[in-house]
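>>> Provide a 3D model corresponding to the input given below.
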Amino acid sequence: MVSQKKTDAQSRIALQDMTWREISSALEKGFDTVVVMVGSIEQHGPHLPISTDTLVADELAIRIARKLGKALAAPTIRPGCSDHHMSMPGTISLRPEVLLEILRDYCRSFAKHGFKKILLASSHGGNFAPLETFAPTLVREFPQLQIIHYGDLRGFMDVWKEQVTKLGLDPQKAAGHACLGETSEVLCLKPELVRKENFEPGFIGSSKGLISKILREGIQSVTENGILGDPTGADENTGEALLEAMAVHLSEWVRDELGA
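The predicted model follows:
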């Protein structure tokens, strides 16, 4: 039993679950990479918690770190930039300049303790543009760190739609917001937080120009209940498949960027 506990402690890679001595030991063993995800605290329809993107970010960070090897998962930055969801109660949105300061302090802290590589990525679409804007600033200010960021929102969504299609699902219902896809992920991670009795369709239609309209005018301009798609039919297995597919995509992208 004691040896099992030791194994569990040694296998931890989520910084928030580790002690400072465990982190120091990991650094000595070459764990010099940190995965930093930016999530959100924002409305996700009448059936999902406002922590949905953060729950997904927490899971992706751990999966990506494990796939990369010699990497640790930082506590997810929450909330994120969600002004386009502010029409619905509970949403908390950071000003972009505040997010930059938080990112600076993350990098400053990790650099001080001897980490060498930082991966910045997001589980929420509204954070992609700020990350794309801020990454060069962080690279310039922290030359001792190798900072890479995933800032391609359209590419991220294309991969998501591709995976949804592979699962035999309709992207208009499963590749939006609080949709079948995201609902399946939460069913996989925290099923007790999903209000199945509140399942209802939201906006279902072409995605052409949709993201730009939502970011410009707010999500209420296209959907009254905050849903893009339809959560009906969501299930845990679909959620697992989507989480794993996105973790594989992001970890492979990181390896390509690092030339590993």
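
>>> The closest residue to residue 75 other than its chain neighbours and residue 73, how far apart?
Leaving aside its chain neighbours, residue 75 sits nearest to residue 16 (4.7 Å; criterion: CB to CB, 6 or more residues apart in numbering). Just so you know, the C-beta spots here come from the backbone N, C-alpha and C atoms, and that holds for glycine as well. Distance from residue 16 to residue 73, counting by CB to CB, to the nearest Å: 8 Å.

>>> Looking only at neighbour counts, state which of these two leads.
Each of residue 16 and residue 73 has its neighbours counted (other CB atoms under 10 Å); residue 73 has more, 27 against 10.

>>> Contact partners for that one?
Contact analysis of residue 73 by CB atoms under 8 Å, 6 or more residues apart in numbering lists 13-15, 34-35, 37, 58, 61-62, 64-65.

>>> ok, 6 Å please
Counting by CB atoms under 6 Å, 6 or more residues apart in numbering, residue 73 makes contact with 13-14, 35, 61-62, 65.

>>> how about a markdown table for the residues you listed, with pLDDT added?
As requested, these are arranged in a markdown table below (pLDDT from 0 to 100):
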| residue | pLDDT |
| --- | --- |
| 13 | 95 |
| 14 | 97 |
| 35 | 98 |
| 61 | 98 |
| 62 | 97 |
| 65 | 97 |
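
>>> Taking the residues you listed together, which two end up most distant?
Checked with CB to CB, those reach their widest spread between 14 and 35, with 9.9 Å between them.

>>> Strands - which of the contacts of residue 73 land there?
When DSSP state E is applied, those are split such that residue 35 fall in strands.

>>> any idea which of the contacts of residue 73 is closest to residue 227?
Comparing those against residue 227 with CB to CB places residue 61 closest, at 25.8 Å.

>>> if I look at that closest one, how far off is residue 152?
For residue 61, the distance to residue 152 equals 18 Å [CB to CB].

>>> more crowded one of those two?
Set side by side, residue 61 and residue 152 show unequal neighbour counts under other CB under 10 Å, the larger going to residue 61 at 29 against 13.

>>> does that one really touch residue 36, like I thought?
No: with contacts counted by CB atoms under 6 Å, residue 61 stays clear of residue 36, the gap being 7.6 Å.

>>> and the residue nearest to residue 75, which of the three is it?
For residue 16, the reduced secondary structure class is helix; criterion used: DSSP: H, G, I helix; E, B strand; the rest coil.

>>> same thing with the one 10 residues further on?
Reducing the assignment at residue 26 to three states with three-state DSSP gives helix.

>>> ok, it - contacts?
With CB under 6 Å, 6+ apart as the criterion, no residue contacts residue 26.

>>> what's the answer for residue 33, then?
Here residue 33 is in contact with 71, 117 (criterion: CB under 6 Å, 6+ apart).

>>> May I have the beta-bridge partners of it?
Counting by DSSP bridges, residue 33 forms beta bridges with residue 71, residue 117.

>>> how about residue 52, what does it touch?
Each residue near residue 52 by CB under 6 Å, 6+ apart is listed here: 44, 186.

>>> Low-confidence ranges, the chain, go.
1-10, 260 (pLDDT under 70).

>>> Break down the protein into its helices, ranges please.
With DSSP state H as the definition, the chain shows helices at residue ranges 2-10, 20-28, 52-68, 96-112, 128-141, 153-166, 171-174, 180-189, 210-217, 236-258.
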